[in-house]
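In: take this sequence and fold it.
(6 chains)
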6 protein chains.
Amino acid sequence: MRLLLVNSNTSEFVTGKVYDAARAAASPATQVVPVTGRFGARVISTRTELAIAEHATIDLLAEHAPGCDAVVIAVSYDVALWAAREMLDIPVVGITESALLTACMLGTRVGMVVFGRRVLPIYQERAAQAGLANRIAGWRAIESSAPYAAGDQREADALTLAAIDALVEQDGAEVVVLTGAVMAGVPQRLQPRAPVPLLDGVSCGVRQAELLAALAPAKPRSGSLAPLPARELVDVAPAIGAFFGRASTNNKE
Amino acid sequence: MRLLLVNSNTSEFVTGKVYDAARAAASPATQVVPVTGRFGARVISTRTELAIAEHATIDLLAEHAPGCDAVVIAVSYDVALWAAREMLDIPVVGITESALLTACMLGTRVGMVVFGRRVLPIYQERAAQAGLANRIAGWRAIESSAPYAAGDQREADALTLAAIDALVEQDGAEVVVLTGAVMAGVPQRLQPRAPVPLLDGVSCGVRQAELLAALAPAKPRSGSLAPLPARELVDVAPAIGAFFGRASTNNKE
Amino acid sequence: MRLLLVNSNTSEFVTGKVYDAARAAASPATQVVPVTGRFGARVISTRTELAIAEHATIDLLAEHAPGCDAVVIAVSYDVALWAAREMLDIPVVGITESALLTACMLGTRVGMVVFGRRVLPIYQERAAQAGLANRIAGWRAIESSAPYAAGDQREADALTLAAIDALVEQDGAEVVVLTGAVMAGVPQRLQPRAPVPLLDGVSCGVRQAELLAALAPAKPRSGSLAPLPARELVDVAPAIGAFFGRASTNNKE
Amino acid sequence: MRLLLVNSNTSEFVTGKVYDAARAAASPATQVVPVTGRFGARVISTRTELAIAEHATIDLLAEHAPGCDAVVIAVSYDVALWAAREMLDIPVVGITESALLTACMLGTRVGMVVFGRRVLPIYQERAAQAGLANRIAGWRAIESSAPYAAGDQREADALTLAAIDALVEQDGAEVVVLTGAVMAGVPQRLQPRAPVPLLDGVSCGVRQAELLAALAPAKPRSGSLAPLPARELVDVAPAIGAFFGRASTNNKE
Amino acid sequence: MRLLLVNSNTSEFVTGKVYDAARAAASPATQVVPVTGRFGARVISTRTELAIAEHATIDLLAEHAPGCDAVVIAVSYDVALWAAREMLDIPVVGITESALLTACMLGTRVGMVVFGRRVLPIYQERAAQAGLANRIAGWRAIESSAPYAAGDQREADALTLAAIDALVEQDGAEVVVLTGAVMAGVPQRLQPRAPVPLLDGVSCGVRQAELLAALAPAKPRSGSLAPLPARELVDVAPAIGAFFGRASTNNKE
Amino acid sequence: MRLLLVNSNTSEFVTGKVYDAARAAASPATQVVPVTGRFGARVISTRTELAIAEHATIDLLAEHAPGCDAVVIAVSYDVALWAAREMLDIPVVGITESALLTACMLGTRVGMVVFGRRVLPIYQERAAQAGLANRIAGWRAIESSAPYAAGDQREADALTLAAIDALVEQDGAEVVVLTGAVMAGVPQRLQPRAPVPLLDGVSCGVRQAELLAALAPAKPRSGSLAPLPARELVDVAPAIGAFFGRASTNNKE
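Out: Residues are numbered from 1 along each chain as shown, chains lettered A, B, ... in the order given. Modelled structure (predicted):
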């Protein structure tokens, strides 16, 4: 199968890191196709950049999803996840949703580690939107940009382990999710020093995407995920226009 | 005061209709500045178009918000609402949020009328995200595109009144919100035939925006709405780049 | 417009302080009419006094609401708020509800500062009754009676600022409400030293009441807020009896 | 033991009916002391009358609770319930709360029958305030005043049975509460024709009050139910003033 | 009346301790019939032992419930509570549910003390299943096995009092439940040193069971608690088979 | 890998049917090991039988889990699911939980079809316990035992399709789960006539179990799922005793 790995950020470095993790998690028979956002933030870390990335994600999907069997939105905000599920007739997963759902099978209450206090509310909103807020034991935000670059990860690892311990000791977490696309691979490194199972989004997302592709669910014919109607859009990429069955126009009504 | 009225749709017809309603609701001393989306759907009615409109809204705000005292996002999905609150240091309201909050002062439980079953889940998600789901008495979806055009509204009116009666009789609604930017003005027309108060988003949104502008709240210095950091974005409109304190670049990392 | 400002406490001092704040918040064209409770607690601070104040509030409204365009219940417990909305055909707001609803447009999660641990549960119940409990980031109770008297406010200010900081740092509040009618004016004084916007109830309540009066919503004809039926009440103030369309009687059935 | 039975309504007829039911439910050794409201509605059926009854209930308790071992607030709105628990150092129960809590031991989901659509929201708010909203299977409102008078109850019975059946068949109720003080005794009459257990408030309330009196719980020394502080109240009944350790005054501050 | 006291543990020591507490709480006219689990854990303290105890409880009920008027499941996990309510036509209570429901009449928010962090999540799940999670102020787990044996309780008492104080001071508890069958009697010993009322499960459970037996509710004829249908079970105790109207068989289908 | 398929019912017919479905869903390299309950109900359909099956499931796991890589509890009540996760150090899934979690990736709101109104509340409790109640669009119960036997399924199919349509049309379901182990395979048969994707538990459970086995999560060392402590159990199967590190004893304490 052919799995589209969508990095809505414009950083090729992050795409590479995520690709390596996805490749390691995927079945040997799976072809992983990584793509990088054409416009917007290098690494999304504000609500404004996230709003732009909604469009950038649609743009990537329109161009690259045809011919694939499933999609992993490999941005930890699960950007444009439900829009993608409407737009496409193949399964789409988001890495944070995947990690959360997988965690629900491993512990009664899930601890969440997030990079950056500023974005913490965004993750909390995502968990609430997923209807899973009451499975969350607690949240810890870590201030470190080390995982977004090559180089020494010892300080970031120490912060992460302290956050995990706090979630377990104080909040009763029985499983912990390390959010952030760049945390792929970290669970394996830190697991020996953690008292509960650790999960990252990319490993869970790739596997859940493969699972759904094998399950081959029907495309909804009604509801908010039904196929896109024919519509004329203004000044969007031709590939997007094609998904609406029309050429895009650059004339306003 | 100067009030930016953002229509993230690319339809000038809708902008005109919304402007008339906003003008009617605004104080005489308020200058209403209507703007229309530069790209995307004529009238957003799918999740995919909404994702594109997130960007289109940021684009409009970057270009037009400077010099204004408050913003009304005049699209009933409250598109990019929290991103706008982060991006700007002036108050921003969404018309559906405004109608919901205003309704909370008029009845214990709020009935919601939505145009189109397909988009009903999107409104339900918005109410849930606003933390107001348990104030909602019920939902009714009407299938009619009449309000989006000039012409006879009698059939649409009859459907709307039937929905209102059902919300009151079956679900115990004590106030009803007519969602959709184009429903501005309709409450006045239908109120004599409705047993509970009717609200539309534009009338509430314009007034709440004026209220907030007068209140002049401080800009948060911490949290997810703190001022945007300096960041380099790729291939976005220069006005957006300026909000991040940098010229946009068209080179990927 | 004529705005009735209801202080259900029997303290004229508090009425004066609230009036000043209301006057400062109101539009120049608004006439603010302050009234003070005829019986009950000087400053309500127990559930028992609050139960008595429910009646005292109805008593004030029966006497003074006729001829007014809107009402502000200027007691932070929002005493008799929904009863007032049933009894009258003009808009009624409560100052804590107003502050909460206004705060919902300024931050994703709202911090609450309350004066007195004893009454903290009452405020928590009010937030829950308003359906807004999941918008609350956290609560902090301050033990100080300084704001209820003239004199040095520096210690109370320091306690309040510490509570605000705790709400922001520990609980992720993005906006903070200072409850208590006597906190009117305090946000302006403390805002320069606070990292997120501060709101008080009177400023929000007066403005929301003006907004609703201008909106002029219809009176519900059905539900729990429909006009009072004709009823004979025993031994209540004549003005109350008049609202039920009957003279009060002093004979039990 | 001595059990105070508080009818906050001013109708002696209702007091008599409730007394008969309480007497039938009480242990032989229990002395039931019925009292009737001194002022307010004959039979509370609006929010405004309920606000007045909050005070009337405090008034009755101040006069009659001393010397009693427990209190039943025998008004189905559980009027002033938590204030009474603060004011007194003996157990206090409300009849609707008692019926709900008792029902929770008899079925997973509880059906609720209410007399009058107008007051339905008030009961729903009470269930929510009790934290039991998610144990409620559904609500049915019956329009009949027959239970409030002597005379033929056959039509009211038929309506009640139809409501019970609907709650069981459509909503999955496994136990049904008949709210309203005057429904005491009705469960016995209708039980043979109902598929699930029926409860009324007075029977449950009297028994729960006896249980709590025998349990003899400590009076809280902290929190919102701690003993009333010494306070000066204005123009309230001397008995109320005595509860605050002071004579009431008729001079405003 | 005859009250079956079910200890699903296999420890006679615990049965004896619980019996003493039940005897002290019961009315003189009540005959308390204690029974001990035939198989499984001495003192259940893992999920696996609890699963086995579900069966052990059914086994005890099948053997001993006939001829009784009510049942107290005297294991603090309320094991097999709803199954017992289905199986039998007499009232059944669980001691933790009873304590929680009773506590709801004594304080707005309930503090919970649990013995052993490992089992804390199980109690939290029980509170959630009872629909009472939002009445809980907080939880404290104590590590001490002293209450499960004779001997000095001073250290356990000190830990318990510290937990109570933390629940009151930090979490706003207005009443505290000491979970665990062996905590029967402890509230009386510690009450003088606690600022809010203390409850234990056995005292509440026995009284609630007596209350329900006196109330004599009807057996549901529909829903998940309707009488057991005739069914053939494989290799279960003859007494269980008899409840399903059949001899058990030891042949698989 | 070796996948244990646990049918806690004592019906070999059901085991066979479930095995066929599991075999069809499993990867070719997966060895599916089906086991059937040693005691209890042929097909669990009451709470009492379910309580017995908790023990029967532990009994099967103790005997058969050693040597396996993952477990599917193939009873739609997810019997003993969390106990199994505590008892074992390999992944365990329940078929209804698996279907629900998988459905969360395919539609915003999930419709649920259940066989038998009597057991409907049990499924609703399971969804609530999974923390997923607010993802559920609605429930429909079908009265048919046809799926539990060979023979004509046309009437059952018609009932199922009608339930699906009702869930989609009335409740807004975007994906539908057919609960019941015997519904395995039915989605494929009915999908062409359904407007939204259909899922069954066995297909989802087998795939999620394979996913988790490949992910190889760490065994928790703390919390309610930590390894079983050494304990002496009374009169249980030797294999169970072995899991607690002791021989079982048949002497009561």
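In: and A:Ala84, how many residues sit next to it?
Out: A:Ala84: 28 surrounding residues under other CB atoms under 10 Å in any protein chain shown. C-beta here means a position set from N, CA and C on the backbone, and glycine is covered the same way.
In: so it touches A:Ile73, yeah?
Out: Yes - counting by CB atoms under 8 Å, A:Ala84 touches A:Ile73, with 6.5 Å between them.
In: which stretches of the stretch 151-253 of chain A have low pLDDT?
Out: A:247-248, A:250-253 (pLDDT under 70).
In: in it, which spans are helices?
Out: Secondary structure of the stretch 151-253 of chain A (DSSP state H, counting those that start in this stretch): helices at A:154-171, A:186-190, A:201-215, A:238-243.
In: overlap in contacts, A:Ala84 and A:Ile73.
Out: Applying CB atoms under 8 Å, 6 or more residues apart in numbering or on different chains, one finds that A:Ala84 and A:Ile73 are jointly contacted by A:Thr57, A:Val92.
In: mean neighbour count for the helices of the stretch 151-253 of chain A - can I get that in JSON lines?
Out: Below are the helices of the stretch 151-253 of chain A laid out as JSON lines (neighbours: other CB atoms under 10 Å in any protein chain shown):
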{"stretch": "helix A:154-171", "mean neighbour count": "17"}
{"stretch": "helix A:186-190", "mean neighbour count": "17"}
{"stretch": "helix A:201-215", "mean neighbour count": "26"}
{"stretch": "helix A:238-243", "mean neighbour count": "17"}
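In: chain F: which of the ones you listed is closest?
Out: Comparison of the helices of the stretch 151-253 of chain A against chain F by CB to the nearest CB identifies helix A:201-215 as nearest, at 4.9 Å.
In: chain center to that closest one, what's the gap?
Out: Its chain's C-alpha centre and that of helix A:201-215 lie 12 Å apart, by CA atoms, centre = their mean, to the nearest Å.
In: ok, now stretch A:102-111?
Out: With CA atoms, centre = their mean, you get 18 Å for stretch A:102-111.
In: is that stretch anywhere near chain E?
Out: Yes - residues of stretch A:102-111 contacting chain E under CB under 8 Å from any CB of the partner chain: A:Thr108, A:Arg109.
In: distance between the ends of that stretch?
Out: 13 Å (CA to CA, to the nearest Å).
In: pLDDT on it, on average?
Out: Model confidence over stretch A:102-111, given as mean pLDDT, is 98.
In: show me what contacts the nearest residue to A:Ala146 once chain neighbours are set aside?
Out: Nearest non-adjacent residue to A:Ala146, counting by CB to CB, 6 or more residues apart in numbering or on different chains: A:Ala156, 4.0 Å away. Shown in contact with A:Ala156 (CB under 8 Å, 6+ apart): A:Ile142, A:Ser144, A:Ala146, A:Pro147.
In: do the same with A:Gln153
Out: A:Ala146, A:Pro147, A:Val186, A:Arg189.
In: now A:Val182: how far from A:Ser145?
Out: Distance of A:Val182 to A:Ser145, given as CB to CB, to the nearest Å: 10 Å.
In: compare neighbour counts for these two and give me the winner.
Out: A:Val182 (26 against 12).
In: and the residue of the stretch 51-200 of chain A found nearest chain E, backbone torsions?
Out: Residue nearest to chain E within the stretch 51-200 of chain A (CB to the nearest CB): A:Thr108, separated by 5.2 Å. Recorded main-chain torsions at A:Thr108 are phi -70, psi -40, according to degrees, to the nearest 10.
In: interface residues of the stretch 51-200 of chain A facing chain C?
Out: Residues of the stretch 51-200 of chain A lying near chain C (CB under 8 Å from any CB): A:Arg117, A:Leu120, A:Pro121, A:Glu125.
In: and the nearest residue to the first one once chain neighbours are set aside, how many neighbours?
Out: Which is A:Arg117. Using CB to CB, 6+ apart and skipping the chain neighbours, the partner closest in space to A:Arg117 is A:Ala141 (4.3 Å). A count of nearby residues for A:Ala141, using other CB under 10 Å, gives 17.
In: pull up the pairing partners for the helix or strand where A:Ala141 lies, direction included.
Out: Assessed by DSSP states H and E, A:Ala141 sits inside strand A:136-142. Strand A:136-142 has the following strand partners under DSSP bridges: strand A:110-115 (parallel).
In: mind giving me the packing neighbours of the next helix or strand after the partner strand?
Out: Sequence order places helix A:120-129 as the next helix or strand after strand A:110-115, per DSSP H and E. With contacts taken as 3 or more CB pairs under 8 Å, 6 or more residues apart in numbering or on different chains; DSSP states H and E, helix A:120-129 sits against helix A:95-103, strand A:110-115, strand A:136-142, helix B:120-129.
In: out of these, which gets nearest to D:Val234?
Out: helix B:120-129 (43.7 Å; CB to CB).
In: got a list of contacts for that closest one?
Out: Contacts to helix B:120-129, defined as CB under 8 Å, 6+ apart, come from residues A:125, A:128-129, A:223-224, B:47, B:50, B:76-78, B:96-97, B:100, B:112, B:114, B:133, B:136, B:139, B:141, B:179, F:108-109, F:172, F:174.
In: and it, average pLDDT?
Out: Helix B:120-129 comes out at a mean pLDDT of 95.
In: stretch A:165-183 near chain F at all?
Out: Yes - counting by CB under 8 Å from any CB, contacts between stretch A:165-183 and chain F involve A:Val168, A:Gly172, A:Ala173, A:Glu174, A:Val175.
In: ugh, typo on my part, it should be stretch A:91-103
Out: Yes - counting by CB under 8 Å from any CB, contacts between stretch A:91-103 and chain F involve A:Pro91, A:Val93, A:Glu97, A:Ser98, A:Leu101, A:Thr102.
In: for the second one, give the beta-bridge partners.
Out: Legend: beta-bridge partners of A:Val93 under DSSP bridges are A:Val72.
In: looking at it now. What's its pLDDT?
Out: At A:Val93, pLDDT is 98.
In: thought it was touching A:Gly205?
Out: Yes - with contact defined as CB under 8 Å, A:Val93 counts as touching A:Gly205 (5.0 Å).
In: joint contacts of these two?
Out: A:Val72, A:Ile73.
In: closest point of the stretch 151-253 of chain A to chain D, which residue?
Out: For the stretch 151-253 of chain A, CB to the nearest CB, closest residue to chain D: A:Gly172, 21.7 Å.
In: what count of nearby residues applies to that residue?
Out: Neighbourhood size, A:Gly172 [other CB under 10 Å]: 22.
In: list the residues that contact it.
Out: Contacts here follow CB under 8 Å, 6+ apart; on that basis A:Gly172 touches A:Arg109, A:Ala137, E:Arg117, E:Leu120, E:Pro121, F:Gly223.
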